[in-house]
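> Whatever this is, show me its structure:
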Amino acid sequence: MADVQLIPYKTEQILDSSSIVPEGVEMIEAPLVWESATKGKGNIVAVIDTGCEINHPDLQGRIIGGKNFTTDYNSDENNFNDNNGHGTHVAGTIAASQTNSGVTGVAPESSLLILKVLTGEGQGKMNWIIDAINYATNWKGPNGEEVRVMSMSLGGPSDVPELHEAIQYAVNQGVSVVCAAGNNGDGQARTDEYAYPGAYNEVIQVGAIDFNRNIASFTNTNDEIDLVAPGVKILSTYIDGKYARLSGTSMATPHISGALSLLVNITETQFNRRLSEPELYAQLIRRTVPLGHSSQAEGNGLLTLTLVEKLDNLLNTFTINWNEHRTKQHSYVKN
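Just a heads-up that it's a prediction; the model follows:
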């Protein structure tokens, strides 16, 4: 069975400290919905990656559990600490706690299930990934919690039927599976580049843009891209208690994973019931804005979490103005 590896990414900068809400979190407008979404509280996001630095000050309160599927640490399944940096960065973008220092994630009160499937060198076996997906799908927390979102910033060139089946099983159980598109793009939106599991139709495949809303030159483009998120020079948590700016579709993906945690709370409060995976996907796509690029590059567009609220306000204003106009016209006719 084919091996899997980290999707290659670029380390832009490593910092000893930070005290801002990262630009990517701001760009998708997450802070504007924190109150209505209770910051993702009560939801579990499975991070299937290189592990996570469990003692990082911005993350230690967010981790509900984990497991090591690799041969690192003498195959100790209870040691899922990150010896690479990638997984810690992804975890921070999803759910770094909101404190007076450090960084803040998209859904800062979500909980993280850390599943280490890649070694410190960023390498992994396909069966590790499959086992982790099945583990996350069937996982139950101490109070009966279930995983609602899986985040995978990894991939390979091979379409493996067993991997596809595991993802289909997860989605059929109501789990949203979010995957990076990959960083093998040639800068030409008309050419397709596929990486798996991102290219499977059942997953939510995420491409990367920069802070000028341009498609990142490295991002894969293909006919299965669902949407885009910030993925260039993204600030988040890093190993050794530090922070880093990294670039890649790996960095765009956790913006969407965290956003889904927020949307679970927003939309299920509105509907007063649990939403299915297709329903939650529809709520996500409702909140995208086209950027003018081809659909192969941007899918449905950039995630903008307040879009529905903005449209509702615009419609209400239009309705009020229209009713006032009708009243005046009616009065004029009567007179």
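
> Check the separation of the first and last residues in stretch 77-93.
Stretch 77-93 has an end-to-end distance of 25 Å (C-alpha to C-alpha, to the nearest Å).

> so how far is that stretch from its chain's centroid?
Offset of stretch 77-93 from its chain centre (C-alpha atoms, centre = their mean, to the nearest Å): 15 Å.

> Let me know the average pLDDT across that stretch.
Per-residue pLDDT over stretch 77-93 has a mean of 98.

> Kindly report the same for stretch 307-323.
In this model, stretch 307-323 has a mean pLDDT of 69.

> Could you do stretch 162-182 as well?
When pLDDT is averaged over stretch 162-182, the result is 97.

> and if you look at stretch 270-277?
The average pLDDT for stretch 270-277 rounds to 96.

> what distance separates the start and the end of it?
Using C-alpha to C-alpha, the end-to-end distance of stretch 270-277 comes out at 16 Å.

> which outside residues touch that stretch?
Val171, Asn172, Gly174, Val175, Ser176, Val264, Thr267, Glu268, Gln283 (C-beta atoms under 8 Å, 6 or more residues apart in numbering). Quick note: C-beta positions are derived from backbone N, CA and C, even for glycine.

> Most neighbours among these, which one is it?
With neighbours taken as other C-beta atoms under 10 Å, the top of the contacts of stretch 270-277 is Ser176, carrying 26 neighbours.

> List the contacts of that one.
Contacts for Ser176 (C-beta under 8 Å, 6+ apart) come out as Arg148, Val149, Met150, Ile204, Leu260, Glu277, Leu280, Tyr281.

> quick revisit: what's the closest of the contacts of stretch 270-277 to Val289?
Among these, Gln283 lies closest to Val289 (C-beta to C-beta), at 15.0 Å.

> The contacts of stretch 270-277 in strands, which ones?
Per DSSP state E, strands hold the following members of the contacts of stretch 270-277: Ser176.

> Check the contacts of stretch 270-277 and tell me the two furthest apart.
Longest span within the contacts of stretch 270-277, C-beta to C-beta: Asn172 and Thr267, 19.9 Å.

> separation between Val4 and Pro157?
With distances taken as C-beta to C-beta, to the nearest Å, Val4 is found 10 Å from Pro157.

> Compare these two (neighbour count), which wins?
Neighbour count, other C-beta under 10 Å: between Val4 and Pro157, Val4 has more, with 27 against 12.

> Quick one: the strands in the stretch 201-335 of the chain, in order.
When secondary structure is read from DSSP state E, counting those that start in this stretch, the stretch 201-335 of the chain shows strands at 204-209, 225-230, 234-237, 243-247, 288-289, 302-303.

> In CSV: those strands, plus mean pLDDT and mean neighbour count.
Output for the strands of the stretch 201-335 of the chain, formatted as CSV (pLDDT from 0 to 100; neighbours: other C-beta atoms under 10 Å):
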stretch, mean pLDDT, mean neighbour count
strand 204-209, 98, 28
strand 225-230, 98, 26
strand 234-237, 96, 28
strand 243-247, 96, 22
strand 288-289, 96, 16
strand 302-303, 98, 25
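
> Compare those strands and give me the one nearest Gln60.
Among those, strand 234-237 comes nearest to Gln60, with 10.6 Å by C-beta to C-beta.

> partners of the closest one in the sheet?
Under the criterion DSSP bridges, strand 234-237 sits next to strand 243-247 (antiparallel) in its sheet.

> Could you tell me the angle between the partner strand and strand 204-209?
Calculated by axes from the mean of the first three to the mean of the last three C-alpha atoms, to 10 degrees, strand 243-247 forms an angle of 90 degrees with strand 204-209.

> Could you tell me the angle between strand 243-247 and strand 225-230?
For strand 243-247 against strand 225-230, the angle by the same axes, to 10 degrees is 140 degrees.

> which other residues reach strand 243-247?
9-18, 85-86, 89, 102-103, 208, 216, 218, 231-238.

> and if we set it to 6 Å?
9-15, 18, 89, 232-235, 238 (C-beta atoms under 6 Å, 6 or more residues apart in numbering).

> want to try a markdown table for those residues, with distance to Ile44 as columns?
What follows is the contacts of strand 243-247, written out as a markdown table (distance: C-beta to C-beta, whole Å):
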| residue | distance to Ile44 |
| --- | --- |
| Tyr9 | 25 |
| Lys10 | 30 |
| Thr11 | 29 |
| Glu12 | 30 |
| Gln13 | 31 |
| Ile14 | 29 |
| Leu15 | 29 |
| Ser18 | 26 |
| His89 | 19 |
| Val232 | 28 |
| Lys233 | 29 |
| Ile234 | 23 |
| Leu235 | 24 |
| Tyr238 | 23 |
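
> Give me the buried entries from those residues.
Buried by 16 or more other C-beta atoms under 10 Å: Tyr9, Ser18, His89, Val232, Lys233, Ile234, Leu235, Tyr238, out of those.

> What residues does the first one make contact with?
Okay, so that is Tyr9. Tyr9 sits next to Leu246, Gly248, Ser250 when contact means C-beta under 6 Å, 6+ apart.
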